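Colleague: Any chance you could fold what I've pasted below:
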Amino acid sequence: MNADDWGRDVLTTDRSLNCVLQGAVSSVSAMVFMEDSERAADLARQHGVDAGLHLNFTLPYSAPQCPPRLMERQEKIARFLKGHRLASVIYHPGLASSFEYVVKMQLEEYERLYGAPANRFDGHHHMHLCANVARQELIPSGTIVRRNLSFGSGEKGYFNRFYRRRQDRRLARRHRLTDFFFDLKPLEPRQRLAGILELATRFDIEVETHPIRDGEYSFLMNGELLRGAEGVGVSCGYILRFGNSSSGKSRFPLAQQAWR
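Modeller: All right, here's what the predicted structure looks like:
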C-alpha cells in the first residue's frame, strides 16, 4: 500500500503518516518543491517512513523557495501534457531539455531532503510514464518504477491494453517492477479488493492510495482493507518479495496471464 503526494501539503502528509503508523500503508511517494516537502522529509526520517520520489510535471510547485527557472520550465511541460489527453504518449523534442532539467532538479532536491538518492519512482498523474521521460531515459536504471495500472480483459480497449503492456515490457528492461499495480478506488464492490488481495498471496502487488480523500482515509484507518482476508498483509516498507530484476525477464508474462 503506497500513499501518494507525501509533502504536497500539511493535511496530506499528516493523513498519510497516520496510515503508516496504523500499519495500513507501507510506504509513501514524496513530492519535492511543495509547501510541506521539508517537514515531510523530517517526519520520514523521524518515523522511518519508506519514501520514493513522486515526480511532478503538472502540479505547480508551491514551496516558498522554489527556483523561478524550475517553475518556468515545469509550466511549459505542464501546458503540453495537459493540453491534450494523448499528449503523454507523444515525444516533444522541443521540451527535451526542460524535461531533463526538471527531473534533474527533483532528483537533487530529493537527495538533499532525504540524505540519499531516490531508489523508487512514480509520478503525479502517472506522468513518469510519458514519452519524453521514457525516451530520454531520465529515471536512473536499476531503480524501482511504478508500472501502468493493471486491467483485465474487457476493462479497457484492446489497443489501450496493448500499449500499456508494451510500455511495461520496455520499462522492465531498465527497472524493477511489481507484478501488478492497482488504485485502491473503487472501494466497492468488495469482490474487486478481495481479488487483489488473493493475487497478493502469489505476486508483488502495489496499490496506490490517496488518504487526503475522506473515504479512503476512513477505510484504511478502520482496518477495512484486510477485514476477512487470510494469508496476506500490508508490508512494512516497499518490498519486492519475488526478486524482480531490470532484465526484462521478470514475472510480467505470468502475472498478466494470472490477471486475465
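
Colleague: residue ranges for the helices of this structure, please.
Modeller: Secondary structure of the chain (DSSP state H): helices located at 10-22, 37-47, 68-81, 96-114, 131-135, 158-172, 190-199, 214-221, 252-259.

Colleague: And these: which comes nearest Phe242?
Modeller: Proximity to Phe242, assessed across those by Cβ to Cβ, is greatest for helix 252-259 (9.6 Å). All C-beta spots, glycine's among them, are computed from the backbone N, C-alpha and C.

Colleague: Leu149 versus Glu155, what's the distance?
Modeller: Using Cβ to Cβ, to the nearest Å, Glu155 is found at 10 Å from Leu149.

Colleague: tally of neighbours for Leu59?
Modeller: A total of 17 residues lie near Leu59 under the criterion other Cβ atoms under 10 Å.

Colleague: Which residues are in contact with it?
Modeller: Taking Cβ atoms under 8 Å, 6 or more residues apart in numbering, we find Leu59 in contact with 8, 31, 78, 124.

Colleague: you'd agree Glu38 is up against Leu113?
Modeller: Yes - contact criterion Cβ atoms under 8 Å: Glu38 and Leu113 qualify, at 6.8 Å.

Colleague: In terms of neighbours, single out the busier of these two.
Modeller: Leu113 (21 against 16).

Colleague: how deep is Gly215 tucked in, by neighbour count?
Modeller: 12.

Colleague: repeat for His126
Modeller: The number of residues packed around His126, counting by other Cβ under 10 Å, is 16.

Colleague: For it, list the residues it contacts.
Modeller: His126 makes contact with 146, 148-149, according to Cβ under 8 Å, 6+ apart.

Colleague: So which of the residues you listed is surrounded by the most neighbours?
Modeller: Ranking those using other Cβ under 10 Å puts Arg146 first, with 25 neighbours.

Colleague: Without its sequence neighbours, what residue ends up closest to it?
Modeller: Nearest-residue entry for Arg146: Asp122, 3.6 Å, with adjacent residues in sequence omitted and distances by Cβ to Cβ, 6 or more residues apart in numbering.

Colleague: residues near the one you found, how many?
Modeller: Asp122, neighbours per other Cβ under 10 Å, totals 23.
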